[in-house]
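In: quick one, what's the 3D model for this:
(one chain, ligands or ions: 2)
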Amino acid sequence: MIKTSLLAIAVSLSMASGGAYAYDDLKNDIASDYGYLSDLFTHFHKNPELSYLENETSKRLGAELEAIGFDVTVGVGGTGVVAMMKNGEGPTVLVRADMDGLPVQERSGLSYASTVKQVNTYGDEVSVMHACGHDMHMTSLVGTARRLVAMRDKWQGTLMLVGQPAEERIGGAKAMIEDGLYERFGRPDYALALHVAARQPAGKIIYKSGLTYSSSDSVNIRVFGVGAHGAAPHTGKDPVVLASQIVLALQTLVAREISPLEPGVVTVGSFHSGTKHNIISEYADLQLTVRSNDEAVRAKLLAGIKRIAENMGRVAGLPEDRLPKVDLSIAATPTTVNDSDLTKRLDAVFKRELGEENLQTLVQTTMGAEDFPYFTRVNPPVPGFYFAVGGTPQADLDAEKNGGPAVAGHHSPLFKIAPEPSIKAGVQAMTVAVLDLMKK
Ligand SMILES: [Zn+2]
Ligand SMILES: [Zn+2]
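Out: Ligands and ions are numbered 1, 2, ... in the order given. I've put the predicted structure just below:
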């Protein structure tokens, strides 16, 4: 009885402040829409497309949103989808879902596993799989849109739903911004996104204020040499030896130049040179990934890579026009940082609506990266909030802990999530967040 009357007070309070909806009703509506969302998820899962090639995916996502009344534009920054709905005066809220699959051959054993092959942007045919859960993100976006359209009388402002290409190649968000996303469709007051998280309990909403993902920079270094016969090294300049020295010298950046309290990674993931045993080649190519949790550290690492590579070239006696060439323009994304005021506000909303037992604090365990910050790091910045939704049944996590089968992570051919609890939780969390930011 006490519980009921408290609930009645809580409902009347939220009506008084304008957020006139009952969370239980929303939950029931999501449950009754789940059949539709489940079919949509299966469709997306069975039909993955590679980064920059999400043509059919974006058409389907656009059609889903157009069918419920959004003004849809497809082809923004490549295959990007922008779906707008103006519902009176009020803030503009951007909700982003990424759309791309990965070049992975699915071995999940699911009845709806992908058997798709696609010719990639380099001309090779590869298997494709939604091995990162972007199918869940698109489904949650549509689920959220369907609820918000049904509840149009509960919010005011402009909804800006974004289907983003090429997150896996950290290029799609930048491409959409450079294609004039904000100039053409308006600048949002808030930007939101979610990511399903395998190896986290299904249905849990996981987030923290501040740093959420690391920065990531892909760097190419071409180390020039002077070709010669392998038996006459003194007549050339060996780029294999020089590039090897550079690889080792780069390791001093994190070890000796960055504060030991600041994480950083400089990984040389690829080293290619030469054609034959006895030929000193003309050049060596290095490919690096660089990660940091802080923009100042990031700048220091990138400047350090250039300094070391070029000066090692000088040490080797290369002329100024043959020094190693460092290319920082390949792919880059800054750190993803949740806005502290926005996080505080949505944390309160989640606690009230979803219940504290369904929330978890994000703990950074790797230096993974996201290109979502391209939507927020504009001038002036857009406050952003990015959260994870647990995707693995607790029973599977428990079984693994007790020596059972390992739970596959993202990008694995065995990757799978439990669609129902994660999609429902994703739609719930995103819907209550948007309703609060746009409440009447
Ligand atoms: Zn991924
Ligand atoms: Zn992903």
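
In: so how far is stretch 85-97 off the chain centroid?
Out: Relative to its parent chain, stretch 85-97 has a centroid offset of 21 Å by Cα atoms, centre = their mean, to the nearest Å.

In: ok, now stretch 405-420?
Out: 17 Å.

In: CA-only coordinates of that stretch, as CSV, when you get a sec.
Out: Presented in CSV, the C-alpha positions along stretch 405-420 are these (Å, rounded to 0.1, in the frame of the first residue of the first chain):
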residue,chain,number,x,y,z
PRO,A,405,32.7,-22.0,-22.7
ALA,A,406,34.4,-18.6,-23.2
VAL,A,407,32.0,-15.8,-24.1
ALA,A,408,33.2,-14.3,-27.4
GLY,A,409,34.0,-10.6,-27.6
HIS,A,410,33.4,-8.0,-30.3
HIS,A,411,34.8,-8.7,-33.8
SER,A,412,35.1,-12.4,-33.1
PRO,A,413,33.4,-14.9,-35.7
LEU,A,414,31.7,-16.3,-32.6
PHE,A,415,30.3,-12.9,-31.5
LYS,A,416,26.6,-13.0,-30.5
ILE,A,417,24.3,-11.0,-28.3
ALA,A,418,21.0,-11.8,-26.7
PRO,A,419,18.8,-9.5,-28.9
GLU,A,420,15.7,-9.3,-26.7
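
In: pull the residues that contact that stretch.
Out: Residues from elsewhere that reach stretch 405-420, judged by Cβ atoms under 8 Å, 6 or more residues apart in numbering: 34, 38, 41, 102, 104-110, 129, 131-133, 136, 139, 196, 198-199, 202, 391-393, 396-397, 399-400. Backbone N, C-alpha and C define where each C-beta goes, glycine included.

In: okay, and H137 sits in which element?
Out: helix 134-150 (DSSP states H and E).

In: do a quick rundown of the strands in the stretch 101-250 of the chain.
Out: Secondary structure of the stretch 101-250 of the chain (DSSP state E, counting those that start in this stretch): strands at 117-119, 125-127, 157-164, 190-201, 205-207, 210-213, 215-224, 228-229.

In: which of those strands is buried the deepest?
Out: Ranked by mean neighbour count, those are led by strand 157-164 with a mean of 26 (mean count of other Cβ atoms under 10 Å).

In: tell me what angle the helix holding H137 forms with strand 190-201.
Out: With axes from the mean of the first three to the mean of the last three Cα atoms, to 10 degrees as the basis, helix 134-150 and strand 190-201 are set at 130 degrees to each other.

In: picking up where we left off before, among the contacts of stretch 405-420, which lie within helices?
Out: Using DSSP state H, the subset of the contacts of stretch 405-420 located in helices is 34, 38, 41, 136, 139, 396-397, 399-400.

In: ok, of the residues you listed, which come out buried?
Out: 34, 41, 136, 139, 396-397 (16 or more other Cβ atoms under 10 Å).

In: so which of the strands of the stretch 101-250 of the chain comes closest to V378?
Out: Closest approach to V378 among the strands of the stretch 101-250 of the chain is made by strand 190-201 (9.5 Å; Cβ to Cβ).

In: got the confidence number for P421?
Out: Confidence at P421, expressed as pLDDT, is 98.

In: correction: the previous question concerned L13.
Out: L13 is assigned a pLDDT of 38 by the prediction.

In: swap in G19?
Out: Note on G19: pLDDT of 52.

In: use 9 as the first number from now on
Out: From this message on, residue numbering opens at 9, which makes the last subject G27.

In: that older thread, the helix holding H145 - contacts with which helices or strands?
Out: When contacts are defined as 3 or more Cβ pairs under 8 Å, 6 or more residues apart in numbering; DSSP states H and E, helix 142-158 packs onto helix 31-54, helix 63-75, strand 88-95, strand 100-106, strand 165-172, strand 198-209, strand 392-400, helix 427-445.

In: just send the buried ones among the ones in helices among the contacts of stretch 413-428 back as CSV, with distance to S217 and pLDDT too.
Out: Shown next, in CSV, are these (distance: Cβ to Cβ, whole Å; pLDDT from 0 to 100):
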residue, distance to S217, pLDDT
Y42, 31, 98
F49, 30, 98
M144, 24, 98
T147, 27, 98
D404, 29, 97
L405, 26, 98
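
In: quick check, nearest of those to F78?
Out: T147 (15.9 Å).

In: quickly note the distance from the most centrally placed residue in the chain to H142.
Out: Residue closest to the mean C-alpha point of the chain, counted by Cα atoms, centre = their mean, is E378 at 3.7 Å. To H142, E378 is 12 Å away according to Cβ to Cβ, to the nearest Å.

In: now swap in Y130 and tell me
Out: Separation of Y130 from H142 (Cβ to Cβ): 21 Å.

In: quick one, helices of the stretch 159-308 of the chain?
Out: 180-186, 189-193, 247-260, 303-323 (DSSP state H, counting those that start in this stretch).

In: relative to helix 247-260, how tilted is the longest one?
Out: Taking the same axes, to 10 degrees, helix 303-323 and helix 247-260 form an angle of 150 degrees between their directions.

In: what about the stretch 159-308 of the chain, any weak spots by pLDDT?
Out: Under the criterion pLDDT under 70, no range of the stretch 159-308 of the chain is flagged.
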